[in-house]
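Asks: Please find the sequence and the predicted model below.
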Amino acid sequence: MPPVIEITDLHRIYQTGGTPVHAVRGISLRIEQGEFVAVMGASGSGKSTLMNMLGCLDRPTRGTYRIDGTDVSSLESDALAAIRNRKIGFVFQGFNLLSRTTALENVELPMLYAHPSLSYREVRARAERCLGQVGLSDRADHVPNQLSGGQQQRVAIARALVLGPALLLADEPTGNLDTRTSIEIMGVFQQLNDAGMTVVMVTHELDVARYARRTIVMRDGRIRRDEPVTDRALAGPEIERLAAEEQAADLVA
Amino acid sequence: MKRLLSIILVAMRALRRNVLRTLLTMLGIIIGVAATIGTISIGTGARMQVEQQIATLGQNVIMVMAGNMSRGGMFSGMGGAPTLTLEDALALRNEVEGVVYMSPEVRSSVQIVAGNLNWNTTVMGVSHEYLDLRSWPLAEGEFITDDDVRANARTAILGQTTAKKLFEDSSPIGAVIRIKGVPFKVAGLLVSKGSNMMGNDQDDIVLVPYSTAMKRLFGQNFLRSVNLGAGDSSQIKEVTNQISELLRQRHRILPGRDDDFMVRTQEEIAEFATSTAKTMTALLGAIACVSLLVGGIGIMNIMLVSVTERTREIGIRLAVGARRRDILRQFLTEAVVLSLAGGLIGIAVGVGLSMALAAQFNWPTFTPTWAIVLGFLFSAAIGVFFGYYPARKAAQLDPIEALRYE
């Protein structure tokens, strides 16, 4: 089985204005099926640029990128769109759901662009199944502003999963969430990962990175550190611990 | 097909989100299409009415009128000059190739008496070919014959209006009427022809042989006009030229001098009659075009706003796998649905308007099917034309930038 991500000597140079900006300066990386990787780094470290390329939203200036065995380094935008559609599920910091569109329809969105097209019944069934997977079956008809932040992020995760991607790509997935909800979302990721889903997550919070199995630290466009997580946090016990702390502080009865 | 339907549904939902804005945007198209449909309806109705009236003249009719006459600074109207003679008329009939019917015309308005009733009407002297010339059948009896003309017979043919005024509901055939005191025997009754394009009642008339009219009634030896019928519409131009040539010869008009007569074909009369309607149609048509253009620009404007407002949505769609052409199609569909909806409302308003004009002011409006099809296609074309640029702009967005857009 090929690695989910295999990049070799990847560069990305932006040609905005006069001086070229070298955002990613030669990264090589392998991520196997079933890994849970946290990519960390300060702003300007190049992690967002790397993320965009991993997500096939941007193309490398130099180097090769294989996702699930397919070389996507020099694909045209339509072919990249198809890769995003089939192989990658995105989860964003700001949820990025379509407003005034129900949770179910948001989950259906990627399937509208699937080739070959799916039957209406298949689309509905898959969307319902994925919403169930994130525990939101009872909220299918709600529009985003009737849902809490955590629920919105669950809808986004369901949307990311609906076409069975090889890779779940999360960009600061807990950035807009409170502590408890963050842990819950990490719980969803861990659950998916335990079932075999490959997850790559960008975060700047060390606490959040501890839920992954492997962390990559970036600085100045290069990988500085790449090591397994030793003190891994698990969502279940963390929630219990938080509950106990809140009770002790008289926040809840 | 199913995909197209779902794209249309998505577009309609997007438009429903802001009903007022959608309606205001459509207004330009609505007015434009309604004006177009209204204009065409009024124009077509007017033209059909005039055509109907022109057709009552007969087929392929060419009119030769005597010129005007001035005496001491006083001008008579056309046909007033005593230059067109019976000999001219007969020469035109016999010498010009392609002329199949001829009827001289002398007319005057006189009092007619029948029994104890009387009526003031137009008495017109015509030839035995007059009915063929004007394609005007008899309802009853017989028409003036060649013999009647030669014998200056006192035979009269009545129009429906005249017959009604003098004989009410009984048949006038065989009765005697007095025209200027001269007794005439009524031989025939014309069918009703309605009003002509000047609005005059063509049935308010008495026809007599032209010879009788000239000698016994009006005592004149010149003609007001000569009506000629060409055998074939393709010959009209040629026949008209020959008529002019022959008359110039007979009237000894030197080259370079003006004619002392006037030749008019049915077509020219029709053109004259419809020229006002045409000007009106052109004017309204121009307004309609400007309105459609403004409507199109309105659509483009609102679509550009919409693309900017929905930048993030576009980013999301691109991220989950929409291709550029999917985005293009989505926004183009939205623009077309917008303009088509406006077009359909415009068609309804236009048809309603022309029906209202017909009902309220008795205008002869008629909405041809092609006008509705035209309105529909035109509004679709406007949607495509003015929607393309904003849609293209949406499709060209960079997904990373679009996702980051606040």
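Replies: Cool, the structure landed. Numbering: from 1, shown residues only, chains lettered A, B, ... in the order given.

Asks: So what does A:Arg25 have for phi and psi?
Replies: In terms of degrees, to the nearest 10, the main-chain angles of A:Arg25 are phi -120, psi 70.

Asks: neighbours around it, how many?
Replies: Counted with other Cβ atoms under 10 Å in any protein chain shown, residues neighbouring A:Arg25 total 15. Glycine gets a C-beta too; all of them are placed from N, C-alpha and C.

Asks: Likewise for the one 4 residues further on?
Replies: Neighbourhood size, A:Leu29 [other Cβ under 10 Å]: 19.

Asks: Now do the contacts for it.
Replies: A:Ile5, A:Glu6, A:Ile7, A:Leu10, A:Ile216, A:Ile223, A:Asp226 (Cβ atoms under 8 Å, 6 or more residues apart in numbering or on different chains).

Asks: Restrict these to the buried ones and give me that as a ChimeraX selection.
Replies: A single ChimeraX command selects the buried members of these (16 or more other Cβ atoms under 10 Å in any protein chain shown):
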select /A:5,6,7,10,216,223
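
Asks: will you turn the contacts of A:Leu29 into a markdown table that also has pLDDT?
Replies: Conversion of the contacts of A:Leu29 to a markdown table gives the following (pLDDT from 0 to 100):
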| residue | pLDDT |
| --- | --- |
| A:Ile5 | 94 |
| A:Glu6 | 95 |
| A:Ile7 | 94 |
| A:Leu10 | 94 |
| A:Ile216 | 95 |
| A:Ile223 | 94 |
| A:Asp226 | 94 |
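
Asks: Closest one of the contacts of A:Leu29 to chain B?
Replies: A:Leu10 (16.5 Å; Cβ to the nearest Cβ).

Asks: Name the nearest residue to that closest one, ignoring sequence neighbours.
Replies: A:Gly63 (3.7 Å; Cβ to Cβ, 6 or more residues apart in numbering or on different chains).

Asks: ok but the one you found is inside a helix, no?
Replies: No - counting by DSSP: H, G, I helix; E, B strand; the rest coil, A:Gly63 is not part of a helix but strand.

Asks: Next up, the contacts around it.
Replies: A:Ile7, A:Thr8, A:Asp9, A:Leu10, A:His11, A:Gly26, A:Ile27, A:Ser73.

Asks: how far is whatever helix or strand A:Val37 lives in from where the chain is centred?
Replies: If you go by DSSP states H and E, A:Val37 is part of strand A:36-41. The chain centre lies 11 Å from the centre of strand A:36-41; the measure is Cα atoms, centre = their mean, to the nearest Å.

Asks: Mind giving me the packing neighbours of it?
Replies: Here strand A:36-41 touches helix A:47-54, helix A:179-194, strand A:198-202, helix A:206-209, strand A:214-219, going by 3 or more Cβ pairs under 8 Å, 6 or more residues apart in numbering or on different chains; DSSP states H and E.

Asks: What are the buried residues along the fourth one?
Replies: So the one you mean is helix A:206-209. A:Val208, A:Ala209.

Asks: And for stretch B:16-25?
Replies: Applying 16+ other Cβ under 10 Å to stretch B:16-25 flags B:Thr22, B:Thr25 as buried.

Asks: roughly how far out does it sit from the chain middle?
Replies: 40 Å.

Asks: which residues are contacting it?
Replies: With Cβ under 8 Å, 6+ apart as the test, stretch B:16-25 has contacts from A:Arg100, B:Leu15, B:Gly298, B:Ile299, B:Ile302, B:Leu338, B:Ala341, B:Gly342.

Asks: Kindly recompute the last result at 10 Å.
Replies: A:99-100, B:12, B:14-15, B:30, B:295, B:298-303, B:305-306, B:309, B:334-335, B:337-339, B:341-342, B:345 (Cβ atoms under 10 Å, 6 or more residues apart in numbering or on different chains).

Asks: and the nearest residue to A:Phe95 once chain neighbours are set aside, how many neighbours does it have?
Replies: Ranked by Cβ to Cβ, 6+ apart and with sequence neighbours excluded, the top spatial neighbour of A:Phe95 is A:Gln152, at 4.3 Å. Using other Cβ under 10 Å, A:Gln152 has 24 other residues around it.

Asks: ok, now which ones touch A:Gln152?
Replies: A:94-97, A:103, A:106, A:136, A:139, A:142, A:144-146, A:176-177.

Asks: Please repeat the previous calculation with a cut-off of 8 Å.
Replies: Per Cβ under 8 Å, 6+ apart, neighbours of A:Gln152: A:Phe95, A:Leu97, A:Pro144.

Asks: Now the phi/psi pair for it, please.
Replies: According to degrees, to the nearest 10, A:Gln152 has phi -60, psi -40.

Asks: and the gap between it and chain B?
Replies: 13 Å (Cβ to the nearest Cβ, to the nearest Å).

Asks: ok, back up a step: would you tell me which one of the contacts of A:Leu29 comes nearest to A:Leu161?
Replies: A:Ile5 (18.0 Å; Cβ to Cβ).

Asks: ok, that closest one touching A:Leu54?
Replies: Yes - A:Ile5 sits in contact with A:Leu54 when judged by Cβ atoms under 8 Å, with a separation of 6.6 Å.

Asks: Spell out which residues are contacts of both of these two.
Replies: With Cβ under 8 Å, 6+ apart, A:Ile5 and A:Leu54 have common neighbours A:Tyr65, A:Ile67, A:Leu167, A:Val200.

Asks: phi, psi of the third one?
Replies: Dihedral pair for A:Leu167: phi -140, psi 130, per degrees, to the nearest 10.
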